[in-house]
Every structure is written in C-alpha cells, then in structure tokens.
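J.: Return atomic coordinates for the entry below.
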Amino acid sequence: MEFTIQKMQAFPVIGIVRTFDYQLAYEKIPLFWREFMKKFENIFHGQTPLTPAEMALIDNKIGEFGVCINDVGPGQFRYMIAGRYQNKHLPEGFSTYVIPECEWVKFRAVGPLPAALQTLNTAIYKTWLPSNPQFQIALNLNIEWYAQADPKASDYISEVWPPIKRI
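T.: As a prediction, the model looks like this:
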C-alpha cells in the first residue's frame, strides 16, 4: 500500500454530524452521504446559494472531508460530513470540531465510492497497521478526503488519513 506521512497543524472543520454503530457504518454512512447530496443537490448543480446552510456548504467546501470521531462510547462513533471552517456563520444544524495537530499517514484509494474507500479503510486497519508496529494510532479520529469529481467514476480519488505516532 502506498502512503505518505505528513505533519499537519490543527484546523477547524464544520459540517453535519450523526452517530453510527461500528457494525453498521459501511452500510449507513453511504446513506447519510446520499441524503446530504440530495438535500443540497441544487447547489451541486450550480445554483446560487440562498440559505445560510447553502452558503456554509460553499464557503467551507463541506463534503471535502468525512471525519470519524470516536468519542461517543462503546460500539459507536460520530461521523461528520465536513469542510474546513472559515470562521463565518454557523448555520442551525451544523457543528464545528477542531482537528488537532498531528502526524497523519495518507493512503489513496482509486475507484468508485463507497467500495474503493471501504476496501482501503479495512486494509489499513487489518493489514497495514498490524504489519507496521513502529506506528500506533494517535487520536480517536480518522479523516476521509474526497476529490471534487464524480464519485462513481472508475478513476475517482479519495483518501483515508489515520493519525499516527511513532513508537
């Protein structure tokens, strides 16, 4: 598996959050994304944003990230469809979160969503991490990065960024 390691400064994100069970995440998170895309389809088709939520979507590029935050309790985590927060208005129904400064290992997936990203994510945690004992997960979160392109395309690019520390 090809990867790069990059230290990143802390940065705030803004988005819409839901809580998911780990066992159902691969099934339920794509449904959350479909609901999000449908809700804002007029914006994704080039219409001018009219509501505070639509303006936040454009201003912050919400949809660039999926952030998994493991702070709920056993068997569950919060998932945020997010973008980099530009410190503008926070519309009703949106939340912010600060991604801490950390070193991140970035893996690239090529192929249509959600299969390409889910396959990569499973390989990272079941194969790559156990076979690289010099690294340990550093934070209780994980970032997914999404290109601004057709997620059904065979050459679509997305990434998974686990936070790491060296042992």
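J.: just the helices in this protein please.
T.: 25-39, 41-44, 52-59, 115-123 (DSSP state H).
J.: Can you check which of those helices gets nearest to F77?
T.: helix 25-39 (7.7 Å; Cβ to Cβ). The C-beta positions use only the backbone N, C-alpha and C, and glycine is treated the same way.
J.: circling back: highest average neighbour count across the helices of the chain?
T.: Stretch with highest mean neighbour count among the helices of the chain: helix 52-59 (a mean of 18; mean count of other Cβ atoms under 10 Å).
J.: Can you tell me which helices and strands that one packs against?
T.: On a contact count with 3 or more Cβ pairs under 8 Å, 6 or more residues apart in numbering; DSSP states H and E, helix 52-59 meets helix 41-44.
J.: could you say what helices and strands the helix it packs on packs with?
T.: helix 52-59.
J.: How about residues contacting the helix it packs on?
T.: 14, 40, 42-43, 49, 62-63, 83, 86, 88-94 (Cβ atoms under 8 Å, 6 or more residues apart in numbering).
J.: Lowest average confidence across helices and strands of this protein, where is it?
T.: helix 41-44 (a mean of 94; mean pLDDT, DSSP states H and E).
J.: Give me the residues contacting that one.
T.: 37, 49, 54, 57-58.
J.: Repeat that for stretch 68-78.
T.: Taking Cβ under 8 Å, 6+ apart as the rule, stretch 68-78 contacts 17-23, 25, 79-80, 97, 140-144.
J.: Could you rerun that using 7 Å?
T.: 17, 19-22, 79-80, 97, 140-142 (Cβ atoms under 7 Å, 6 or more residues apart in numbering).
J.: Repeat that for stretch 10-18.
T.: Stretch 10-18 is touched from outside by 32, 36, 56, 60, 62, 65, 67, 78-85, 90, 93-101, with contacts defined as Cβ under 7 Å, 6+ apart.
J.: Buried ones only from those residues, please, as a ChimeraX command.
T.: Per 16 or more other Cβ atoms under 10 Å, the buried members of those correspond to this ChimeraX selection:
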select :32,36,56,60,62,65,67,78,79,80,81,82,83,84,85,94,97,99
